[in-house]
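*Asks:* all I have is the shape, not the residue letters:
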């Protein structure tokens, strides 16, 4: 009888350990999903600023239509990439595509701001100055959100890859999460804006 009680106790203890590890993995997965939601918020703010920036610049940059169109197109691609990645932040392909779209948008914005430097009236426009300041602030927030997301992904991946959680992760389908990596040098630096 004592042997049966000990066996039942061991089974209950083992079950509690498995449940604890499973719940820990769920918690970590939800943390990195939440961290991605913070990136989503900041990127959406960035995307909302861009049409205003383009409209403000449009009147001054009549001969720079290609630059303006490139920004609009890059924004559209980035918005699509964000929707796909937001729908499933655990999809490595969606996160990589978002990173590539963001690199393209940052490059296009950088070109727009570089062209704007050649137009003194545009540089002095109060609306343009405010929008570029907000854009720079948002770029910093995106950077911090991306760092928090990557930290959460790393914590989750370490937890799911270490023994004995790796067994539980494999049994219950906890796949690896993908870092939101910077794929080009252009996105590594926020656009530098100077109206001095």
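*Replies:* On my side now, so go ahead. Owing to the predicted nature of the structure, the values given are computational and were not obtained by experimental measurement.

*Asks:* sketch out the helices for the chain, chain order is fine.
*Replies:* 2-58, 65-87, 92-116, 120-124, 126-161, 165-172, 185-188 (DSSP state H).

*Asks:* to residue 179, which of those lies closest?
*Replies:* Relative to residue 179, the nearest member of the helices of the chain by CB to CB is helix 126-161, separated by 4.9 Å. No exception for glycine: its C-beta is placed from N, CA and C like everyone else's.

*Asks:* residues making contact with stretch 70-81?
*Replies:* The contact list for stretch 70-81 (CB atoms under 8 Å, 6 or more residues apart in numbering) reads 43, 47, 50-51, 53-54, 94, 97-98, 100-102, 104-105, 107-109, 111-112.

*Asks:* and the buried ones among the residues you listed, selectable in PyMOL?
*Replies:* Restricted to buried positions by 16 or more other CB atoms under 10 Å, the PyMOL selection for the contacts of stretch 70-81 reads:
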select buried, resi 43+47+50+53+54+94+97+98+100+101+102+104+105+107+108+109+111+112
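
*Asks:* remind me which residues of the protein are low pLDDT?
*Replies:* Where the chain drops to pLDDT under 70, the residues are 182-196.

*Asks:* for the most centrally placed residue in the chain, what are its contacts?
*Replies:* The centroid of the chain falls nearest to residue 39 when counting by CA atoms, centre = their mean (4.3 Å). By CB under 8 Å, 6+ apart, the contact set of residue 39 is 142, 145-146, 149, 180.

*Asks:* now it: closest residue in space that isn't a chain neighbour?
*Replies:* Once flanking residues are discounted, residue 39 sits nearest to residue 145: 4.4 Å by CB to CB, 6 or more residues apart in numbering.

*Asks:* separation between that neighbour and residue 121?
*Replies:* Separation of residue 145 from residue 121 (CB to CB, to the nearest Å) stands at 34 Å.

*Asks:* so what's the backbone phi/psi at residue 64?
*Replies:* Torsion angles at residue 64 (phi, psi; degrees, to the nearest 10) stand at phi -120, psi 40.

*Asks:* what number of residues lie near it?
*Replies:* A total of 18 residues lie near residue 64 under the criterion other CB atoms under 10 Å.

*Asks:* residues near the nearest residue to it once chain neighbours are set aside, how many?
*Replies:* Counting by CB to CB, 6+ apart, the nearest residue to residue 64 once its immediate chain neighbours are dropped is residue 115, at 5.2 Å. Counted by other CB under 10 Å, the residues lying close to residue 115 total 18.

*Asks:* what sits against residue 115?
*Replies:* Contact analysis of residue 115 by CB under 8 Å, 6+ apart lists 61, 64, 67.

*Asks:* how does it look with 10 Å?
*Replies:* By CB atoms under 10 Å, 6 or more residues apart in numbering, the contact set of residue 115 is 57, 60-61, 63-64, 66-68, 122.

*Asks:* closest to residue 33 out of the residues you listed?
*Replies:* Within the contacts of residue 115, proximity to residue 33 (CB to CB) peaks at residue 68, which comes in at 35.2 Å.
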